[in-house]
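> dropping the sequence and predicted coords here.
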Amino acid sequence: MSRVGKHPIVVPDGVSVHIQGHDVRATGKLGTLSARMMDEVSLTLEESQLWVRPKSDTKKARMMWGTARALVNNLVQGVANGFERKLEITGVGYRAQVQGSDLVLQLGYSHEVRYPIPDGIKVVCPDQTHIVVSGADKQRVGQVAAEIRAYRKVEPYKGKGIRYDDEIVRRKEGKKK
């Protein structure tokens, strides 16, 4: 039985949720997000709480129960507060800056890397070695952060590259004489 699905989703002030069949749409100060729910779950809005319940007692319905609740919760939290992912750049000469609608990265290659910032995502560089990716859609924020990180993953010997701020890199010992 799902432990996640048992809890209701509290809809904060300033966020409106519309349910139409299997489609859910949440509107808040950061925009509008929508998702299509699985056939195995049903959604009901009672006062300021959104409940996700399985339609039957099948194994698939119970699996989708927690997943659907997490997806709807991400919609509601995204339009209310948004999500952000912080990246940190380590390495001599490695730096980042935002120029117009592009993120320009200098990562030790012979050329600079230009990453076009997608719509709905905000990228900020508080200084040359930190990047903050934010937006309302949790999946897109994570995907953009992963794409930026993929340009130069952290190597285990010197620790150079782009890492998440909460990432722990296991360092290896170098050559011995």
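Looks like it arrived, so ask away.
> for Leu45, helix, strand, or coil?
strand (DSSP: H, G, I helix; E, B strand; the rest coil).
> what about it, neighbour count?
15 (other Cβ atoms under 10 Å). To be clear about C-beta, it is placed using only N, CA and C from the backbone, and glycine gets the same treatment.
> that one and Ile19 touch, don't they?
Yes: Leu45 is within contact range of Ile19, at 6.1 Å (criterion: Cβ atoms under 8 Å).
> how about the secondary structure of the residue lying closest to Pro156 once chain neighbours are set aside?
Distances taken as Cβ to Cβ, 6 or more residues apart in numbering place Lys172 nearest to Pro156, at 4.5 Å, with adjacent residues excluded. Put simply, Lys172 is coil when judged by three-state DSSP.
> Lys172 reaches Glu155, doesn't it?
No: counting by Cβ under 8 Å, Lys172 does not reach Glu155; the two are 9.1 Å apart.
> tell me which of the two has more neighbours.
Neighbour count, other Cβ under 10 Å: between Lys172 and Glu155, Glu155 has more, with 14 against 9.
> so the more buried one is in which element?
Glu155 is part of no helix or strand when elements are defined by DSSP states H and E.
> name the nearest residue to it, ignoring sequence neighbours.
Distances taken as Cβ to Cβ, 6+ apart place Gly161 nearest to Glu155, at 5.8 Å, with adjacent residues excluded.
> number of residues surrounding the one you found?
20.
> where does it fall, phi/psi-wise?
For Gly161, the backbone dihedrals (degrees, to the nearest 10) come out as phi 140, psi -170.
> per-residue pLDDT, it?
Listed pLDDT for Gly161 reads 95.
> and the longest helix anywhere in the chain, what does it pack onto?
Across the chain, the helix with the greatest residue count (assigned by DSSP state H) is helix 59-80. When contacts are defined as 3 or more Cβ pairs under 8 Å, 6 or more residues apart in numbering; DSSP states H and E, helix 59-80 packs onto strand 9-10, strand 23-28, strand 31-36, strand 41-46, strand 49-54, helix 138-150.
> how about low-confidence regions in this protein?
Residue ranges of the chain with pLDDT under 70: 1-2.
> outline the domain layout of it.
Using automatic domain parsing, the domain parsing of the chain gives 9-80, 83-164.
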